[in-house]
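Peer 1: Output the structure for:
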Amino acid sequence: MDLISNFWQLFVLSAPWLMLGLLIAGIINVYLPTHFLNRHLGKEGLWTTVKAALIGAPMPLCSCGVIPAAVGLRRAGASKSATTSFLVSTPETGIDSVSVSYALLGPFMAVIRPIAAVCSAITAGLLVGREGSLEPSVTASSTPKQGACCGSNDKVPAVEGPSSCCASEVQLDKQSGGCCTPQTQVTQATSSCCNTDKKASQSTPQAQPSALSKLQQALHFSATKLLSDTALWLMIGLFFAAVVQTYVPTSYLSQWGSGILAMTVMVLVSIPMYICATASTPIAAGLLLAGVSPGAVLVFMLAGPATNIATLGVVGKELGRRAVAAYLTGVIGVALLFGVLTDYLVGEFGFNVTPLGGQHQEVLPPWLEQGSAVILALLLIRLLWLKFSRR
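Peer 2: Numbers count the residues shown, from 1 in each chain. I've put the predicted structure just below:
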């Protein structure tokens, strides 16, 4: 009974902040233009890497969702440094994870966590971009060049003339089914890939969705896709924290719960895990209750979402094998540095890092916490019903 009681208490404490984070994340997902990322992330360099980290930090994507987004950015022309920076900052932090961090770990951890995530993303991006300048670039299919509707590379020169965006007859035979059509069809304005401007000018503009429609889209995304991506590990994390709070003495891990040793253990534990920033927060609260230092907990929350096996595989495939080493160096190195800094600041200036403290119950009225918990529970039940009904 104590385990169930503690689990429900943690669920109630985190519910209003998680609901707020889901709402803000859904609004960001709907209102951020789809072409915004590609337009600002196409060049190597410090400023592009910083922009990618700042753009990815608040976005509502977890470890699984950021992988296809990052691959899409890379193949749309984003640089290696920008792709890496986006791939690191997006799962390491977010609007929802910051709000849950405030509820479960306190304001200090809620502030230093996104700062550390952005610094980690910038460092990893710059290291990968530097490694990328020392090895051949990725295949042309991953980064199509401008001015070639067929995605031609340097070995396939374009044909000049009225159909310069299309290849020659020999190339057309080799690329049947692509955007280029045989020359008998190229002469037809309605089927030529070289007449996209004309067709675009003749097309009627689509009606813009209303503000109410966008809000409905944001709520649907938050309550369905985003919550589905995070629900399983969130529940596992809350259950883990409840188990630790119920059965593990506070001083059990205090003998090795601080210092570089504890941070190294957190790195080794986090690498094989497949967990998002929001779901790692209650696990971090459980580790704090077990006696692990705030710095080691921060290392876990940074390394866990960014160094899983799937992400490393994508980095090796899309950015090159040498980029994997640079990626791990940037993420783990900055995580350890901020872990040491966090323990120093907490010890030197007395910042309060109290997991699941009673002070959070005073911030919000009990009816709001209980109501948010009931709504969140109903949404989770709805997800289960949809999953089994589809089967």
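Peer 1: could you point out which element follows the host helix or strand of L87?
Peer 2: Using DSSP states H and E, L87 maps to helix 80-92. Scanning forward in sequence from helix 80-92 by DSSP H and E, the next helix or strand is helix 95-105.
Peer 1: Now do that following helix: which elements does it pack against?
Peer 2: Secondary-structure packing of helix 95-105 (3 or more Cβ pairs under 8 Å, 6 or more residues apart in numbering; DSSP states H and E): helix 2-31, helix 107-132, helix 277-289. Quick note: C-beta positions are derived from backbone N, CA and C, even for glycine.
Peer 1: The shortest one to helix 95-105, inter-axis angle?
Peer 2: If I follow you right, that is helix 277-289. 20 degrees (axes from the mean of the first three to the mean of the last three Cα atoms, to 10 degrees).
Peer 1: Which residue is the nearest non-sequential neighbour of T264?
Peer 2: Take T264 and drop its neighbours on the chain: the residue closest to it by Cβ to Cβ, 6 or more residues apart in numbering is L336, 8.0 Å away.
Peer 1: Who are the contact partners of the one you found?
Peer 2: Taking Cβ atoms under 8 Å, 6 or more residues apart in numbering, we find L336 in contact with I260, M263, T264, V267, V299.
Peer 1: Try it again at 10 Å.
Peer 2: I260, M263, T264, M266, V267, G295, A296, L298, V299, L302, A303 (Cβ atoms under 10 Å, 6 or more residues apart in numbering).
Peer 1: Could you name the specific helix or strand carrying the fifth one?
Peer 2: Pointing back at V267 there. Going by DSSP H and E, V267 is part of helix 259-270.
Peer 1: who are the neighbours in contact with G26?
Peer 2: Taking Cβ under 10 Å, 6+ apart, one finds 60, 95-96, 214-215, 217-227 in contact with G26.
Peer 1: again, only this time at 7 Å
Peer 2: Applying Cβ atoms under 7 Å, 6 or more residues apart in numbering to G26 gives the contacts P60, A218, L219, F221, S222, L226.
Peer 1: didn't the second one look like it was pressed against L22?
Peer 2: Looking back up the chat, that one is A218. No - in this structure, A218 is not within contact of L22 by Cβ atoms under 7 Å, at 9.5 Å.
Peer 1: Please identify the most buried of the helices and strands packed on helix 95-105.
Peer 2: helix 277-289 (a mean of 28; mean count of other Cβ atoms under 10 Å).
Peer 1: Now do the helices in the stretch 151-300 of the chain.
Peer 2: 169-174, 183-186, 196-202, 211-220, 227-247, 259-270, 277-289, 294-306 (DSSP state H, counting those that start in this stretch).
Peer 1: would you turn the ones you listed into JSON lines with distance to V346?
Peer 2: JSON lines is the format used below for the helices of the stretch 151-300 of the chain (distance: least, Cβ to Cβ, whole Å):
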{"stretch": "helix 169-174", "distance to V346": "63"}
{"stretch": "helix 183-186", "distance to V346": "68"}
{"stretch": "helix 196-202", "distance to V346": "57"}
{"stretch": "helix 211-220", "distance to V346": "37"}
{"stretch": "helix 227-247", "distance to V346": "20"}
{"stretch": "helix 259-270", "distance to V346": "13"}
{"stretch": "helix 277-289", "distance to V346": "11"}
{"stretch": "helix 294-306", "distance to V346": "5"}
